[in-house]
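K.L.:
I need the structure of the sequence given here:
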Amino acid sequence: MAEWIDAVFQNIDLSMFSFMHGLAVATGESVGAEITSWLTYLMKFISFFAHDGLCMFALGAILMLFRRTRKLGACVFIAVCCGGIITNLTLKPLIARMRPYANFDHLAETVHGWWVMVGEARKGEGVFTSFPSGHTTSATAAMLGLFLASKKKKYLFPVLLFPLLMGASRIYLMVHYTSDVLAGLVAGTLGGIAAYFITKLIFKKLEAHGENRFCRFVLDFDLVEWIKQKIGRAKKAA
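P.N.:
This next block holds a predicted model:
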C-alpha cells in the first residue's frame, strides 16, 4: 500500500517539497546547525501545537471546565480521540509508509538534505509513521469539532484555517508528504464529524437523567462559580 501511494503521489509530493524548500531559502534558511529563517521558527511553532495531540486535548479539557463551553470542550476532546483511533491506531501501523527524509527508494535522496536544512524537525518521530499526518489529523478533528459544536459558527470560521497551517508546517519541515497531509485532513474531518454526533448523544443522555447527581454535576459544574463559592466560604470562616 505504501509503495502504491508513493508512486501515485510522487509528482505532487516532490513539487510541494520543492516549493517549500524554495520558501525556506527565500526567507534566509541555510545549511547548518543553526536555524536562520523566521519561517522555519514559525513552522516549528505551529507544528508544536499538535504534538501527540496534547495541546488539542488540553484545549478540550479547559473548555470542559466551564458550563457554557462544556459541549465544545467535550466535542474537541472526543474528536481528537476519534482522529487518533483512525490515524495513529489504524492507518499508520497498517500502511507503514516511510517518512520522506528516510525513504531512500523514493524521495529521500532529495528531501533528506532539505530536512536537515530546516533543523531535522523532531528526530524522535517514528520512521514508518508517515501516512496520514497525525498532527494534521489532530488539528483538523479538534477545530472541526469545535466549529460543529458551536452555536456561533460565524465567529469560528477562522479556526478552520489552523489545520491548513498545520499541514503546511509538516510539509515545510519535510516530515510528511503532501499526500499524508491530505489524508490527515480527511481523517480529521471524519473524527470531527463522529465526535459531534457522539457528543450530542452523550449530552442528550445526561439531560434525560438530570435528576441523577452525577449527571447534574457534569452538566452544571463551573470552575469560576466553584472558585467563587470557595472564596465566599473562606471569607465567612474568617
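K.L.:
in this structure, which helix or strand is least confident?
P.N.:
Every helix and strand of the chain was ranked by mean pLDDT, DSSP states H and E. The lowest is helix 223-237, at a mean of 82.
K.L.:
list the helices and strands that one packs on?
P.N.:
Based on contacts counted as 3 or more CB pairs under 8 Å, 6 or more residues apart in numbering; DSSP states H and E, there is no element that helix 223-237 packs against. Glycine gets a C-beta too; all of them are placed from N, C-alpha and C.
K.L.:
that one: how far from the chain's middle?
P.N.:
Counting by CA atoms, centre = their mean, to the nearest Å, helix 223-237 is centred 36 Å from the centre of its parent chain.
K.L.:
now what about it, what contacts it?
P.N.:
The set of residues external to helix 223-237 that reach it, using CB atoms under 8 Å, 6 or more residues apart in numbering, is 65-67.
K.L.:
Ile171: which of those is nearest?
P.N.:
If you rank these by distance to Ile171 using CB to CB, Leu65 comes first, at 34.8 Å.
K.L.:
ok so, going back, now tabulate the contacts of helix 223-237 in CSV and tack on neighbour count.
P.N.:
Converted to CSV, the contacts of helix 223-237 look like this (neighbours: other CB atoms under 10 Å):
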residue, neighbour count
Leu65, 14
Phe66, 15
Arg67, 15
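K.L.:
next SSE downstream of the longest helix seen in the chain?
P.N.:
Identified as the longest helix of the chain according to DSSP state H is helix 178-208. Downstream of helix 178-208, the next assigned helix or strand under DSSP states H and E is helix 213-220.
K.L.:
that next one to helix 178-208, inter-axis angle?
P.N.:
Relative orientation of helix 213-220 versus helix 178-208 (axes from the mean of the first three to the mean of the last three CA atoms, to 10 degrees): 120 degrees.
K.L.:
buried ones in helix 213-220, by neighbour count?
P.N.:
Judged by neighbour count (16 or more other CB atoms under 10 Å), helix 213-220 contains these buried residues: 215, 218-219.
K.L.:
of those residues, just say which sits nearest to Ala50.
P.N.:
Val218 (27.4 Å).
K.L.:
what distance do you get for the closest one to Ser37?
P.N.:
Per CB to CB, to the nearest Å, Val218 is found 47 Å from Ser37.
K.L.:
swap in Leu160?
P.N.:
According to CB to CB, Leu160 and Ser37 sit 27 Å apart.
K.L.:
between these two, point out the one with more neighbours.
P.N.:
For Leu160 versus Ser37, the count of surrounding residues by other CB atoms under 10 Å is larger for Ser37: 19 against 14.
K.L.:
tally of neighbours for Leu59?
P.N.:
So Leu59, with other CB under 10 Å, has 19 neighbours.
K.L.:
SS state for the spatially closest residue to it that is not a sequence neighbour?
P.N.:
Excluding the flanking residues, the one nearest Leu59 by CB to CB, 6 or more residues apart in numbering is Val76, at 5.7 Å. Of the three states, Val76 takes helix according to DSSP: H, G, I helix; E, B strand; the rest coil.
K.L.:
just checking, Val76 touches Cys55?
P.N.:
No. Assessed by CB atoms under 8 Å, Val76 is found out of contact with Cys55, at 10.8 Å.
K.L.:
show the pLDDT at Arg67.
P.N.:
Confidence at Arg67, expressed as pLDDT, is 92.
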